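**Q** sequence? don't have it. structure:
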């Protein structure tokens, strides 16, 4: 009787343990979901603050072991953004941005370059449109709180779920929800790129004098962007082996004196990759990788084209995308 009773006990215990384990796992899953949702809410508030608040400050930017400082003025009037960026060290330049164009002034050469329909909405950082989809490719979590420029900030950690992108940390002001500090982490988890406000003030309004270029535009030689926007259905390249999450943001042709260059811009919301395609006859050059800080580039010859893939992503990413490029014949459907 004991021999027949023990298996029943074990079976019931096993069923009970399985039920407890299931409850525990579901509770843990719900906890992770709620934590992730809370983190995404911080990023949503940050994205709204960046585009809708009036603010000005001084920003220090570190990249490739070089430090650059600039003044930033940002205004939002009836949903329309205006922004002006003024460098504080050489080479001196000013960037004036609104919803329709970006103008970059170079006082040394008295030249202004104008680009219509800018591909980015912020000079602070690249911001994703779909934050919910972002969570498919990054783990987002809340960490400690720290002071940046004497303002309390919440640290948000963004870790990739694969090896095709870099991790990031953002320090978000708990009061205004503006990003006070931003880091891109390299393969060794050390900051290789950093942006930080050294001073920041929120304003009820930003004056037109602070938003307009300090140099008279009529004293500058104006050069319009040589970028032509192309329809996606005219793209004669297929992209195999593009890491999940990267989508085509724009397809343009850069007009140059020698020969035009096709440009395909990919992005997953935080990380972007550029593909430059230039007709080039002659012998096939050796495949050429190059790295500057967090930016990796990889060049490869495909038929009569030189393809260069570059972006602020690991070397593995640009190499994978480059080897997945395939040129379609002009008469192919």
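**A** The structure has been received and is ready for your questions. The shown structure was predicted, so the numbers you read here are calculated from the model rather than taken from an experiment.
**Q** all contacts plus neighbour counts: C-alpha atoms, from now on.
**A** Noted.
**Q** so where's the stretch 51-200 of the chain shaky on pLDDT?
**A** 117-123 (pLDDT under 70).
**Q** for it, which segments are assigned as strands?
**A** For the stretch 51-200 of the chain, strands defined by DSSP state E, counting those that start in this stretch occupy the ranges 55-63, 66-77, 80-87, 94-98, 101-106, 111-116, 138-148, 151-160, 167-173, 179-185, 191-202.
**Q** of all the ones you listed, which lies closest to residue 260?
**A** Minimum separation from residue 260 across the strands of the stretch 51-200 of the chain (Cα to Cα) falls at strand 111-116, 17.2 Å.
**Q** elements contacting that closest one?
**A** The contact analysis (3 or more Cα pairs under 8 Å, 6 or more residues apart in numbering; DSSP states H and E) places strand 111-116 against strand 101-106, strand 221-224.
**Q** swap in 10 Å and give it another go.
**A** Judged by 3 or more Cα pairs under 10 Å, 6 or more residues apart in numbering; DSSP states H and E, strand 111-116 is in contact with strand 94-98, strand 101-106, strand 221-224.
**Q** give me whichever of those is most buried.
**A** Counting by mean count of other Cα atoms under 10 Å, strand 94-98 has the highest mean neighbour count of these, with a mean of 22.
**Q** what are the pairing partners of it, and which direction each?
**A** Strands adjacent to strand 94-98 in the sheet, as given by DSSP bridges, are strand 80-87 (antiparallel), strand 101-106 (antiparallel).
**Q** can you list contacts of the last one?
**A** Contacts of strand 101-106 from elsewhere in the structure, counted by Cα atoms under 10 Å, 6 or more residues apart in numbering, are 83-86, 91-97, 111-120, 213-215, 217, 220-225.
**Q** now list the buried members of those.
**A** 83-86, 93-97, 111-115, 213, 220, 222 (16 or more other Cα atoms under 10 Å).
**Q** what is the neighbour count of residue 154?
**A** Neighbour count of residue 154, defined by other Cα atoms under 10 Å: 23.
**Q** which residues sit in contact with it?
**A** With Cα under 10 Å, 6+ apart, residue 154 has these contacts: 39, 42, 142-148, 170-175, 177, 179-180.
**Q** look up how far residue 301 lies from it.
**A** As judged by Cα to Cα, to the nearest Å, residue 154 and residue 301 stand 46 Å apart.
**Q** make CSV out of the strands of the stretch 51-200 of the chain and add distance to residue 46.
**A** CSV is the format used below for these (distance: least, Cα to Cα, whole Å):
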stretch, distance to residue 46
strand 55-63, 14
strand 66-77, 15
strand 80-87, 16
strand 94-98, 19
strand 101-106, 23
strand 111-116, 26
strand 138-148, 14
strand 151-160, 11
strand 167-173, 7
strand 179-185, 7
strand 191-202, 14
